[in-house]
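*Asks:* how does the following fold in three dimensions:
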Amino acid sequence: QVQFVESGGGLVQPGESLRLSCAASGFAFSSYGMSWHRQAPGKEREWVAGISSVGGVTSYLDSVKGRFTISRDNAKNTVYLQMNSLKRGDTSVYYCNVTPPTALPNGGWGQGTQVTVSS
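*Replies:* Predicted coordinates for the structure are as follows:
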């Protein structure tokens, strides 16, 4: 079945960096664009970044442009999110999914990985 396993989150201070990973399985990974999303407490889940199926095209939420970089390794069925210059407003649970998340008939969401930015 479709699975997304996110990892790499943690507690960091403002200005520090983290690299998130998402291992995907159960579908033809290299055929799909992939995205990262996040959800802060009391807020709706929001899209953060996307990457095309072969990695040539990326896009970002305005508030993370220049700080976050999405990439993928199709040989490892893994998508990454390098997050630099982290801000308190980046505190959220981060999730990955295909683009759009409804593209897979048996898709769903993983458990996410918590990123907390605090001094």
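*Asks:* next, the buried residues of stretch 74-81.
*Replies:* By 16 or more other Cβ atoms under 10 Å, the buried positions in stretch 74-81 come out as Asn77, Thr78, Val79, Tyr80, Leu81. Every C-beta, even on glycine, is put in place using the N, C-alpha and C of the backbone.
*Asks:* pretty sure the third one sits against Thr69.
*Replies:* No - taking contact to mean Cβ atoms under 8 Å, the distance of 11.4 Å between Val79 and Thr69 leaves them out of contact.
*Asks:* now do the contacts for the residue nearest to Arg45 when sequence neighbours are not counted.
*Replies:* Nearest non-adjacent residue to Arg45, counting by Cβ to Cβ, 6 or more residues apart in numbering: Gln39, 4.1 Å away. Gln39 makes contacts with Arg45, Glu46, Ser92, Val93, Tyr95, Gly112, as judged by Cβ atoms under 8 Å, 6 or more residues apart in numbering.
*Asks:* between the two ends of stretch 27-34, what distance do you get?
*Replies:* By Cα to Cα, to the nearest Å, the extent of stretch 27-34 from end to end equals 12 Å.
*Asks:* kindly report the same for stretch 57-69.
*Replies:* 12 Å.
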